[in-house]
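# Sequence and predicted structure, then a few things I'm wondering about:
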Amino acid sequence: VIGAGARLGLEPSGTDGGGPMASLLSGTKTDARKAGMIGNRNFILAKGSSIDCALQTRLDSTVPGMTACVVTRNIFSDNNKVLLIERGSTVTGEYQSNMRQGMARIYVLWTRVKTPNGVVVNLDSPGADALGGAGLPGYVDNHFWKRFGGALMLSLVDDTARFATQGNGSSSGSNQFNFNSTGEASSNMAAEALKNTINIPPTLYKNQGEQIAIFIARDLDFSSVYDVQTR
């Protein structure tokens with residue numbers, strides 16, 4: 001006996017017909033994750049927290065270097081009950097000389113903080129601007145005249161020579177040849193000068209005293225140096 005649905009060409013319920021909607025009705029399968037406890041929140045500075053800091057040193061991206069900043073506000077634990085990092089603590093970090101054309105920020109890795117009480121902890125966390133944007137912005141010198149000045153001057157000499165050649169109608173053939181040779185040499189020199197200077201990287205400067213932030217990249221546990229006593 002053939003059912004009415006089969007006579008009409010309908011498929012049984014639960015069978016994938018492979019139509020246009022089939023792929024849209026299949027969700028993405030993801031691995032499950034088990035929740036855990038962060039630990040004693042009295043002594044935890046959680047990942048994603050931010051430390052406000054004022055630069056102690058001027059940044060100059062010409063060469064890699066070390067830097068330091070001073071914490072400008074007290075930093076409390078995850079439950080906001082215990083003071084973990086006092087205002088006035090010193091944070092040290094390092095930056096690389098990796099600026100490229102079009103870049104307007106420099107990456108700074110803040111490595112360690114030392115509190116006035118002598119507590120130290122490794123941060124290994126990136127620097128950010130005051131609003132949390134990755135990297136530190138600053139004044140960028142693109143070295144325009146260093147990159148193009150020599151080539152522009154040689155091009156000007158070349159244009160002057162060509163103008164003199166075209167304007168001197170009474171010149172002999174030998175003089176004409178000499179002017180053309182000089183113009184060609186100037187063009188070659190301009191191209192060579194541009195090739196040697198075009199890749200000069202920009203330099204970023206950021207003055208001491210400017211406000212920055214440190215984005216905490218991992219949970220920091222202070223339980224080995226702090227204790228809480230009930231009164």
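Perfect, I can see it now. Numbers count the residues shown, from 1 in each chain.

# how near is the residue nearest to Ser49 when sequence neighbours are not counted to Lys206?
Among residues not flanking Ser49 along the chain, Ile216 sits closest, at 4.4 Å (CB to CB, 6 or more residues apart in numbering). Every residue, glycine included, has its C-beta placed from N, CA and C. From Ile216 across to Lys206, the span is 21 Å (CB to CB, to the nearest Å).

# Likewise for Met99?
From Met99 to Lys206 the distance is 12 Å (CB to CB).

# so what sits against both of those two?
Common contacts of Met99 and Lys206 (CB atoms under 8 Å, 6 or more residues apart in numbering): Ile106.

# where does the protein dip in pLDDT?
Scanning the chain for pLDDT under 70 picks out 1-18, 143-198, 230-231.

# Please parse the protein into its domains.
What automatic domain parsing lists as the domains of the chain is 41-140+203-221, 144-197.

# Would you mind listing the residues in contact with the nearest residue to Thr203 once chain neighbours are set aside?
Sequence neighbours aside, Asp141 is the residue nearest to Thr203 in space, at 4.7 Å (criterion: CB to CB, 6+ apart). For Asp141, the contact set (CB under 8 Å, 6+ apart) comprises 202-205.

# Assess the claim that the residue nearest to Ser49 and Ser50 are in contact.
Yes: using CB atoms under 8 Å as the test, Ile216 is close enough to Ser50 to be in contact (7.0 Å).

# Which one's more surrounded, these two?
Ile216 (20 against 14; other CB atoms under 10 Å).

# Can you tell me how far the more buried one is from Ala54?
Where Ala54 is concerned, Ile216 sits at a distance of 18 Å (CB to CB).

# same check, this time on Asn98
Distance from Asn98 to Ala54, counting by CB to CB: 24 Å.

# do Leu24 as well
53 Å.

# Also Ser61?
20 Å.

# So between these two, which is more surrounded?
More crowded of Ser61 and Ala54, by other CB under 10 Å: Ser61, with 23 against 13.

# which one is the more buried one nearest to, not counting chain neighbours?
Leu204 (4.3 Å).

# Thought Gly138 was touching that neighbour, still the case?
Yes: the pair Leu204 / Gly138 is scored as a contact, 4.6 Å apart, by CB under 8 Å.

# Show me which of those two is the more surrounded one.
In this view Leu204 and Gly138 are compared by other CB under 10 Å, and Leu204 has more residues nearby, 23 against 20.

# Secondary structure element holding the more buried one?
Using DSSP states H and E, Leu204 sits within strand 203-206.

# Send over that strand as CSV, restricted to the C-alpha atoms.
Coordinates of each C-alpha in strand 203-206 appear next as CSV, following Å, rounded to 0.1, in the frame of the first residue of the first chain:
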residue,chain,number,x,y,z
THR,A,203,59.6,57.3,14.3
LEU,A,204,57.0,57.5,17.1
TYR,A,205,57.6,59.7,20.1
LYS,A,206,55.6,59.7,23.3
